[in-house]
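In: Prediction below, plus the sequence it came from.
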Amino acid sequence: MWKRFISDYLNFTKKERTGVLVLLFLIVFFIIIPFLFPFFIHQNTTDNTSFKKEVSLLIIKQTDSTNKFSKKNLDEDGYQNYREPSEKNYYPKQTKGELFNFDPNTLDEAGWQRLGIRDKTIATIQNFVKKGGRFYKPADIGKIWGLHQDEVERLIPFVQIQNNNANNYAEKKDYEPNSYQKPTYTPSVIDINTADTSVLIALPGIGSKLSQRILSFRDKLGGFYKVEQIGETFGLPDSTFQKIKPRFTISNTSIHQININAATIEEMKAHPYLRYSIANAIMQYRAQHGNYAAVDDIKKIMLITEEIFNKAAPYLKVN
């Protein structure tokens, strides 16, 4: 039984033995190869000594900068809320100085020094006064940046403001603001029969091309007799026309009229409301029936509808 087990599981063919040897060789090779890297790949060594020195200096600075925060306040649960600078290191103790009655609005630099105020704080006060600042009551000195609370309490009893403008200041605080009146803008009204391109370009949505088209249409018509005709200009959007329509007026109603009894077909077909077909029909009717007695006679021409007649009639005459 054991012989059979050994022969079945522990005997290898030549090919299997070769495969096992190759596999073992590869395993050993991949284990050893990392140790051979330094012999074939030379890595540049980095000197980090200076970096370590900088880190050490930074740690020293951070330690020194936090030394003055010696007291820590904890809340009722034992958690730290904030650091409170120690009275010893927060600011150097100052000489109390001499106490005397003074007006902070007129006191000079030497006077503040006599009171024992620091030079930096004196400079702040002087800048405040030079820029038009005023102390209206003794308690106002407590608003000075850099003046500590114990100094404020020490100086307030000696503050005597000679020209007390507290009342005036209160009056200024209680002033009634002027109600802002929005200026009313009345847009100018344009006479479309006398306007030029510079006037039309100033209108919203009207550029140089549209302004030239409006004037060209006006010249071909012989003038506008109503504002609505401007909306017929080629390329003028109706939305734009509705915006600018209130800006137009017609004060000069004298328009150029065509004498249908004497005009040539070229003169009539150049009019936007007539064109060639209407102009030719007017000429043919005149040739067949003679001169027109009135402009209304062109209604007898089949091509002229009521709409065409109403638009073209103001531009026509018979004498």
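Out: Right, received. Where do you want to start? Numbers count the residues shown, from 1 in each chain.

In: Send me stretch 207-222 as PDB with only the CA atoms.
Out: Listed in PDB are the C-alpha atoms of stretch 207-222, where the atom choice follows Å, rounded to 0.1, in the frame of the first residue of the first chain:
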ATOM      1  CA  GLY A 207     -27.700 100.000 -35.200                       C
ATOM      2  CA  SER A 208     -26.100 101.800 -38.200                       C
ATOM      3  CA  LYS A 209     -27.700  99.400 -40.800                       C
ATOM      4  CA  LEU A 210     -31.200  99.600 -39.400                       C
ATOM      5  CA  SER A 211     -31.000 103.400 -39.100                       C
ATOM      6  CA  GLN A 212     -30.000 103.600 -42.800                       C
ATOM      7  CA  ARG A 213     -32.800 101.200 -43.800                       C
ATOM      8  CA  ILE A 214     -35.400 103.300 -42.000                       C
ATOM      9  CA  LEU A 215     -34.200 106.500 -43.700                       C
ATOM     10  CA  SER A 216     -33.900 104.800 -47.100                       C
ATOM     11  CA  PHE A 217     -37.500 103.500 -46.700                       C
ATOM     12  CA  ARG A 218     -38.700 107.000 -45.700                       C
ATOM     13  CA  ASP A 219     -37.000 108.600 -48.800                       C
ATOM     14  CA  LYS A 220     -38.500 106.000 -51.100                       C
ATOM     15  CA  LEU A 221     -42.000 106.600 -49.700                       C
ATOM     16  CA  GLY A 222     -41.600 110.300 -49.800                       C
END
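
In: So for it, what gets flagged as buried?
Out: L210, S211, R213, I214, L215, F217, R218, L221, G222 (16 or more other Cβ atoms under 10 Å). In short, each C-beta sits where N, CA and C put it, glycine included.

In: Reformat those as JSON lines; add secondary structure.
Out: Below are those laid out as JSON lines (DSSP: H, G, I helix; E, B strand; the rest coil):
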{"residue": "L210", "secondary structure": "helix"}
{"residue": "S211", "secondary structure": "helix"}
{"residue": "R213", "secondary structure": "helix"}
{"residue": "I214", "secondary structure": "helix"}
{"residue": "L215", "secondary structure": "helix"}
{"residue": "F217", "secondary structure": "helix"}
{"residue": "R218", "secondary structure": "helix"}
{"residue": "L221", "secondary structure": "helix"}
{"residue": "G222", "secondary structure": "coil"}
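
In: now, among these, which is nearest to K245?
Out: Nearest to K245, judged by Cβ to Cβ, of the buried residues of stretch 207-222 is I214 at 12.4 Å.

In: How much space separates the most centrally placed residue in the chain from R247?
Out: With distances taken as Cα atoms, centre = their mean, P204 lies nearest the centre of the chain, 22.7 Å away. From P204 across to R247, the span is 9 Å (Cβ to Cβ, to the nearest Å).

In: Centre of the chain to the helix or strand containing K15, how far?
Out: Taking DSSP states H and E as the criterion, K15 maps to helix 14-40. Its chain's average C-alpha position is 69 Å from that of helix 14-40, according to Cα atoms, centre = their mean, to the nearest Å.

In: same deal with stretch 222-238?
Out: For stretch 222-238, the separation from the chain centroid amounts to 38 Å (computed by Cα atoms, centre = their mean).

In: okay, how far is it across that stretch, tip to tip?
Out: Start-to-end span of stretch 222-238 (Cα to Cα, to the nearest Å) is 22 Å.

In: average pLDDT for it?
Out: Averaged across stretch 222-238, pLDDT comes to 94.

In: Only the buried residues of that stretch, if you could.
Out: Neighbour-count burial for stretch 222-238 flags G222, G223, F224, Y225, V227, Q229, I230, T233, L236 (criterion: 16+ other Cβ under 10 Å).

In: For the third one, which non-adjacent residue is closest in space?
Out: Going back to what we said before, that points to F224. With sequence-adjacent residues excluded and distances taken as Cβ to Cβ, 6 or more residues apart in numbering, F224 is closest to I192, at 5.4 Å.

In: What degree of burial does that neighbour show, as a neighbour count?
Out: 23 (other Cβ atoms under 10 Å).

In: Please report how far it lies from A139.
Out: Taken as Cβ to Cβ, the span from I192 to A139 is 70 Å.
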